[in-house]
Structures are given as C-alpha cells and as structure tokens.
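J.: no sequence for this one, just the structure:
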C-alpha cells in the first residue's frame, strides 16, 4: 500500500515534457519579442533620424555637385532634382544672391516662405548671431553647410534641414525634410511590430504546440510502455510506421527487444518454478506414498503371517497328530501364502503403474470378443457361487487401448462383482456405443455402496466391509489398479449405485 501511494505521489509531481517544451519556446519567443520591441521603441527613432541625416546630407552634396558641375536650368538637372526629392522625401530650394528663387520642389507660396526663411538664415550667418528663430537647434556646422532642426511655430512642424552657399555664383541651397514624417514612420513601425509580433507569437505558439506534441508523443508512448513493463505486462509495444527513425525510435526498438527478452526470461523462470514445485510436490507425494505403502503392507501382511506362523508352530509341536488336522493346517498355510502372493503381485503391478514404469501399449482390438473369452474362462467361478452372468449379443466393436491391461480392469470389476453379489445373484455386463466411445459396465445385484464410502473405494487398501473382504481374501488393491490403468490411458471410469445393486464402468475410444 505504501509503495502504491509513493508511486501515485511521484506521478503527481511529474510535469508534462510537452508543457515544459512549449513554455520554454513560447517564453523565449515572448522575451525575444519584448526585447525587440523595447530596442525598437528606444532606438528606432534615433536610427531613423540618423539615416535621415545621412540622406539629407547626401542629397545636399549631390545638389551641390550638380550646381558646381552643370547648368541648374537644364532638363538633366531638373530630372536629377526630382529623383532626389522623391527618393529621400525632401524639399529643395535654390536662390541666387539677389534673393531670387532659381529652383524649388515646392509651390510658389512654400517657395516664398522658404526664401524669407533662407534670407534670415543667411543674415544670421553673416552677423554670426546665435539664434534667429525660436525652436532652432544646430546639429552640425561646417564650412560648406549647416545641419539643424527647426520648428516652425506658424504650423507647429519640425524640419530636419541643411543649408549652405555653393558654386561660383554663390547660390544658396536649402534642403529639408519634416520630422513629423520620421516620428509618424517610427510610430507606424512600432505599431506594426506590436501587431505583427502578437500574431507571430500566436502562430509560433500553435506551431510550437504541434511540434512539441509530435516530439513528446513517442516519449509518452515509451512512458506508458515502461509503466506496463513495470507491471510485468509485455504486450505493449512501440510502433513506428515511418521510414524515418530518430533516437527516440531507436530507444523504442530497444525497449521492444528488452520487453521480449524480459518476457522470455520470466516465462523460463515461471516454467522452472512450476517444474520445481512439481518436483517438490512429487517428491512429497512419493514420500507419503512410501510411508502409506509400508504402513498398509505391514498391516495387510500381519494377519496372514501370524496365521502361517501359528499353524506352522502347531504342526511342529504336533498339537493334532491325526492326518485330517495336519492336512487342514497345511491348507490354511497354503491358502494364506497364496493370498500373500496375490497381494504382492498386485502391489508390484500398482507400483509400476503409479510410477509410470509400465507404459500402455495402445492397439486396436475387439472388446466384445475379449469380454466373451473372459466370461467363458470365469464360468466355473460363477457356477460355484450360483451366479447368473448376463452378456447380450453384440456385433464386433473395435476399441483403442492396452488389451492386457483392459482385461485386468475387467477381471477386477468381475471378481469384485462375484465377491459382493447377493439377492438375485445376477451379474450383467453391458456395452453402450455412443459419440466415438464405448462404455463397458459390470453390474451386480446386492447392497449399494454407502454414500460415505463411495469416494474412497479407489484408494489403496481401502475396504468398505473389512470382515467380508477378509473372508474372500480381498486385498483392497484391485480398484486402485483399475484407477491407475484408466488414468494412464486418460479414459473415464466410475461407479453408480442402484437400489438393487452396484454398477462399475470404464470407457474406451473407438476412433
């Protein structure tokens, strides 16, 4: 009970490996996304501004190069300016020293504003003042350009801009891009990443659950198989129909082989254990039989030996000198010696049958002819006791068995019937052929066997009426010999009580 409780506690403490794998992978994905989102939130804006700075400076330098090397009024220059403005999402303004707009990417109103603003910037540069407009922050100032952030309070818009004076004609250039577009792009990017990350985590979680199930299902099968093996049930096997095999599949095959090996070993052990128990039981049975045999033999021989000894001593001492008395003494001695001889022969026969030393010689013979011959040979004994023996007319019936031993069974039944017949003094032998078997029965009129004794009549030396048995010289071994013979041929036998007598029977196969 304690072991079972301990096993249950261990199972309750066991965590699902699928759950552990899923939690590990999903947690890793979630932490990766959070880290990615935090980095994006903290550094995306700075990175975007930095890239925008590089793009604005690159656009300014390309415009500066175009103005220095070519005609800014040409179609080629116009095309280059349009491409730059579209590529980098910028606005551009070029003015001459007379404060006249030469090139612009904006409308006339925007160009006028830019011109006014550029004039102020140029004036500030000339006068070296620190601040012209409120909200102006200089990021980088060099000989040929100034990079700054400017907030226009009129429309509350921030600009990232670069301006300078280039070319031999000293044209003034202003290139700028709104900061709002940068901030909007960063916000849109962060929002998109949040949505995309959520969807990715959900889809990834589903994929992880599916993959973890595929990985852990074989492990669960191995776990269940090991549970069955622990209970000594080796029917559960690990199956893998796929041609692809990994380490888990190889482990499953090894467990199958281990299961078969253990099953074989346990079977061999059980068989050896059964054989050992059988040997022990047989030895104990033999010991008991030996003790019982010695006890019964000594008991059965005690009376005839005492009689022989007494009558022999009487002859020696000449108690009766007349010839008739001496003849009587000699007949008693010879009769008791004959009984002892018959009993010893029967005991030897029974001993050989019980210990399997006398195997049955199975052959096919006519049971009807054998019974006729025996009844004919025993006819004199029946006449001496004034017994009527009945045996009907039967066609030949061929049976399988040891003819010599079957005749001995019939002899024991017949002699037993002769010794116990009374009343009408009838012995009837019948044959009943049915279902591939024939039943041979020997019935005698007289008193039925008491119910309390009927289960013991097949035991060695058992006698229902000892006085009567002694009278006809019975040894109590005949029915034990019948039992041993019929069981050696694995056939049925028995006894049936009737109101007017007793019937003993045995069966033989006809096929």
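T.: Perfect, I can see it now. Treat the numbers as computed from the prediction; the structure is a model and nothing was measured.

J.: How many neighbouring residues does residue 145 have?
T.: 20 (other C-beta atoms under 10 Å). In this view, the C-beta of every residue, glycine as well, is placed from N, C-alpha and C.

J.: Please shift the residue numbers so they start at 19 in all later answers.
T.: Understood, numbering begins at 19; the last thing we discussed is residue 163.

J.: That one touches residue 179, doesn't it?
T.: No. Taking contacts as C-beta atoms under 8 Å, residue 163 lies outside contact range of residue 179: 10.1 Å.

J.: any chance you could map the strands in the stretch 269-418 of the chain?
T.: 381-384, 406-409, 416-419 (DSSP state E, counting those that start in this stretch).

J.: quick one: furthest residue from the center of this protein?
T.: residue 116 (97.5 Å; C-alpha atoms, centre = their mean).

J.: Spell out the secondary structure type for that residue.
T.: Using DSSP: H, G, I helix; E, B strand; the rest coil, the structure places residue 116 in coil.

J.: Can you tell me how far it is from residue 81?
T.: 20 Å (C-beta to C-beta, to the nearest Å).

J.: hmm, back to that, so for residue 227, which of the strands of the stretch 269-418 of the chain sits nearest?
T.: The closest of these to residue 227 is strand 416-419. By C-beta to C-beta, the value is 71.2 Å.

J.: Now do that closest one: which elements does it pack against?
T.: Judged by 3 or more C-beta pairs under 8 Å, 6 or more residues apart in numbering; DSSP states H and E, strand 416-419 is in contact with strand 381-384, strand 519-527.

J.: Quickly, which of those strands bottoms out on average pLDDT?
T.: Mean pLDDT per stretch puts strand 381-384 lowest among these, at a mean of 90.

J.: Flag every buried residue along it.
T.: 383-384 (16 or more other C-beta atoms under 10 Å).

J.: and stretch 176-192, which residues are buried?
T.: Quick answer for stretch 176-192 (16+ other C-beta under 10 Å): 176-185, 189-192.

J.: One more: stretch 409-423?
T.: Neighbour-count burial for stretch 409-423 [16+ other C-beta under 10 Å]: 409, 412, 415, 417, 419-421, 423.

J.: same thing with stretch 451-458?
T.: 456-458.

J.: Using TSV, lay out these together with distance to residue 513 and secondary structure.
T.: Converted to TSV, these look like this (distance: C-beta to C-beta, whole Å; DSSP: H, G, I helix; E, B strand; the rest coil):
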residue	distance to residue 513	secondary structure
456	18	strand
457	13	strand
458	13	strand
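
J.: These into TSV, with extra columns for pLDDT?
T.: Converted to TSV, these look like this (pLDDT from 0 to 100):
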residue	pLDDT
456	94
457	94
458	95
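
J.: Return the member of these nearest to residue 326.
T.: residue 458 (38.0 Å).

J.: Tell me what that closest one is bridged to.
T.: Counting by DSSP bridges, residue 458 forms beta bridges with residue 449, residue 524.

J.: Sounds good, over and out.
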